[in-house]
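Asker: no sequence for this one, just the structure:
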């Protein structure tokens with residue numbers, strides 16, 4: 001079988017699509033009452049509301065206790081360097 005640039009590009013494209021399809025499945029949404037581990041490299045904690053003022057950053061391996069879910073955001077207690085309640089984007093937990 002002869003390798004053509006188009007065939008090689010198609011195979012690489014399929015491999016990339018497969019890799020991207022697997023990546024989001026590694027992160028999970030946090031259910032209420034669970035203390036979740038952050039899988040993201042960094043996760044911004046907001047003070048008063050989703051998209052609100054930045055309070056600090058949780059880093060991979062630190063934990064967050066989910067107390068309330070509001071769409072794509074969760075409210076709860078950010079352990080680690082912050083140790084305060086705030087909002088984080090949901091879906092970045094292990």
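Answerer: Perfect, thanks for sending it. Only a predicted model underlies this, so the values are computations on that prediction, with no experimental measurement involved.
Asker: what residue ranges in this protein score low on pLDDT?
Answerer: 1-27 (pLDDT under 70).
Asker: Who's the closest spatial neighbour of the most centrally placed residue in the chain, skipping the chain neighbours?
Answerer: Residue closest to the average C-alpha location in the chain (CA atoms, centre = their mean): residue 92, at 2.0 Å. Using CB to CB, 6 or more residues apart in numbering and skipping the chain neighbours, the partner closest in space to residue 92 is residue 40 (4.0 Å). Yep, even glycine has a C-beta here, placed from its N, CA and C like the rest.
Asker: Next: residue 80.
Answerer: Counting by CB to CB, 6+ apart, residue 80 lies nearest to residue 62, which is 3.4 Å off, once chain neighbours are set aside.
Asker: check contacts around that neighbour.
Answerer: Contacts of residue 62 were listed using CB atoms under 8 Å, 6 or more residues apart in numbering, and they are 37, 38, 78, 79, 80, 81.
Asker: Can you report how many residues neighbour residue 60?
Answerer: Number of residues near residue 60 (other CB atoms under 10 Å) recorded here: 13.
Asker: Apologies, that question was intended for residue 75.
Answerer: Applying other CB under 10 Å, we find 19 residues neighbouring residue 75.
Asker: Torsion angles phi and psi at it?
Answerer: For residue 75, the backbone dihedrals are phi -110, psi 140 (criterion: degrees, to the nearest 10).
Asker: Residue 71 too?
Answerer: Per-residue torsions, residue 71: phi 70, psi -120 (degrees, to the nearest 10).
Asker: Quick check: it vs residue 83, distance?
Answerer: For residue 71, the distance to residue 83 (CB to CB, to the nearest Å) stands at 25 Å.
Asker: cool, and residue 91?
Answerer: The gap separating residue 91 from residue 83 is 23 Å, by CB to CB.
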